[in-house]
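Q: got a structure for you, letters missing:
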């Protein structure tokens, strides 16, 4: 029997003060403050999840801090 692999996709809504994450196909959501603690929480969560794709909106530069942290973990 072959093992079926389910791809996981993540969308992140970036705002000045918060990050909202949604994972598909599970429909899991996560809301954190956009600070060191919130970024750390999201990075740890996504490392464990190992998603196929992460997308986030371009917000005039607000996304850069999180994008850098995710890239540093090869996400």
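A: Cool, got the structure. Worth saying up front: this structure is predicted, and the values here are computed from it rather than measured.
Q: any idea how far stretch 36-49 is from the chain center?
A: 8 Å (CA atoms, centre = their mean, to the nearest Å).
Q: contact partners of it?
A: 8, 10, 12, 18-19, 21, 23, 30, 32, 54, 65-66, 69-70, 73, 75 (CB atoms under 8 Å, 6 or more residues apart in numbering). C-beta coordinates here come from the backbone N, C-alpha and C atoms, glycine included.
Q: For those, name the two members farthest from one another.
A: Among the contacts of stretch 36-49, the pair separated by the greatest distance (CB to CB) is 8 and 65, at 23.0 Å.
Q: Between those two, which is the more surrounded one?
A: The neighbour count for residue 8 versus residue 65, taken as other CB atoms under 10 Å, is higher for residue 8 (17 against 14).
Q: check contacts around the more buried one.
A: By CB under 8 Å, 6+ apart, the contact list for residue 8 reads 23-26, 49-52.
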